[in-house]
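J.: This is a predicted model, with the sequence first.
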Amino acid sequence: MPVWLEVIVRTLAAVLILFVITRLLGKRQISQLSFFEYITGITIGSITAYISLDINNDWYLGIIAVSVWFIVSLGIEYLQLKSKKARDLIDSSSTVLIKDGKILEDNLKKERLSNEDLMEQLRKKSIFKVAEVEFAVIEPDGQINTLLKNEYQPLTPSQLGIKVAPEPEPQTVIIDGNIMDEPLATLGLNRHWLNTELEKLGVSLDNVNLGQVDAYGQFYADLYDDQLIVPQPQEKPVLLAQLKKCEADLEMFALSSEQEAAKKLYGDCSARLQQVIDQVKPILTQ
């Protein structure tokens, strides 16, 4: 076999082996590398490169080495799942870097971090004052997580005593000018509805780069031609305006009526409709 052909065959085999091992070891190998997984990734990559290019040695020796590393990695992962002591020994444990707005210098030195490194990580989380941080910890994968003090945390509906209904995720119904039927069916919609929405916006399907429908049936389109301005959907503002007009009419009827029973009826209806408007206004104005 010619050398160039042997290199091609070895490279394809190395790619296949690396792909299979990566899939078997799980997605965590990609997203959150621990210390041991980092070493494993480098070593297996080096061995597969050896399988691909070192034609002076038998290729099966590289496969044996990769298999050993694969088995060891699986054994280590299994041990970590079963034993906390093993997890702490192999991956180490989390380290507190900031407590009550004060930097713990000894822990910072232990993790080989400088104040500049810490501030850089805080700025990535839009935190510019250490005094605002209640608690900051560096995880085994090197990620720094923070908890702001109560007075610096953003308000949430629960803190205001407001109950918010869960909102389903938006569905992408157009990608690269092609209609996605499955997301449309998930929303209970069809192509006829989508074509109608495109006509309302005055755009053609082949000019849509990305199209999404939110949980309230609002359609949004991103066009290939960025110079074109897509009109914003008006259903929500129109509905809010109609509700306000109805409430104003009821209030006017209550003020103009001379009959006490009618005045009270219109007034009660106006107050109830105002309550409805207050509840749906955050949804209709977003």
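T.: Sure thing, it's come through. Numbering: from 1, shown residues only.
J.: Can you list the strands that the strand or helix carrying T172 pairs with?
T.: T172 is located in strand 171-175, with elements delineated by DSSP states H and E. If you go by DSSP bridges, strand 171-175 pairs up with strand 178-179 (antiparallel), strand 208-213 (antiparallel).
J.: Is it possible to get JSON lines of those strands that adds mean pLDDT?
T.: Shown next, in JSON lines, are these (pLDDT from 0 to 100):
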{"stretch": "strand 178-179", "mean pLDDT": "92"}
{"stretch": "strand 208-213", "mean pLDDT": "91"}
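J.: List the buried residues for stretch 104-111?
T.: Within stretch 104-111, the residues that count as buried by 16 or more other Cβ atoms under 10 Å are N107, L108. C-beta coordinates here come from the backbone N, C-alpha and C atoms, glycine included.
J.: Show me what counts as buried in stretch 204-212.
T.: For stretch 204-212, by 16+ other Cβ under 10 Å, it's V208, G211, Q212.
J.: try stretch 115-131
T.: In stretch 115-131, counting by 16+ other Cβ under 10 Å, buried: L118, Q121, L122, I127, V130.
J.: where's it relative to the chain centroid, distance-wise?
T.: What separates the centre of stretch 115-131 from the centre of its chain is 22 Å, taken as Cα atoms, centre = their mean, to the nearest Å.
J.: ends of that stretch, how far apart?
T.: 14 Å (Cα to Cα, to the nearest Å).
J.: Pull the residues that contact that stretch.
T.: For stretch 115-131, contacts defined as Cβ atoms under 8 Å, 6 or more residues apart in numbering pick out L97, I98, G101, K102, I103, L108, V133, A136, I144, T146, L148.
J.: again, but for stretch 201-218
T.: 167-177, 179, 183-184, 187, 189, 194-195, 198, 219-225, 228, 230-231, 233, 235-236, 283.
J.: circling back to that earlier point, could you pull out the buried residues of the strand holding T172?
T.: Buried residues in strand 171-175 (16+ other Cβ under 10 Å): Q171, V173, I174.
J.: related to what we said a few turns ago, which one of the buried residues of stretch 204-212 is nearest D268?
T.: Distance to D268 across the buried residues of stretch 204-212 (Cβ to Cβ) is lowest for Q212, with 40.6 Å.
J.: rewinding a little: can you list the contacts of stretch 115-131 in JSON lines and add distance to E258 and secondary structure?
T.: Listed next are those as JSON lines, based on distance: Cβ to Cβ, whole Å; DSSP: H, G, I helix; E, B strand; the rest coil:
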{"residue": "L97", "distance to E258": "73", "secondary structure": "strand"}
{"residue": "I98", "distance to E258": "69", "secondary structure": "strand"}
{"residue": "G101", "distance to E258": "65", "secondary structure": "coil"}
{"residue": "K102", "distance to E258": "71", "secondary structure": "strand"}
{"residue": "I103", "distance to E258": "73", "secondary structure": "strand"}
{"residue": "L108", "distance to E258": "78", "secondary structure": "helix"}
{"residue": "V133", "distance to E258": "64", "secondary structure": "strand"}
{"residue": "A136", "distance to E258": "68", "secondary structure": "strand"}
{"residue": "I144", "distance to E258": "70", "secondary structure": "strand"}
{"residue": "T146", "distance to E258": "64", "secondary structure": "strand"}
{"residue": "L148", "distance to E258": "58", "secondary structure": "strand"}
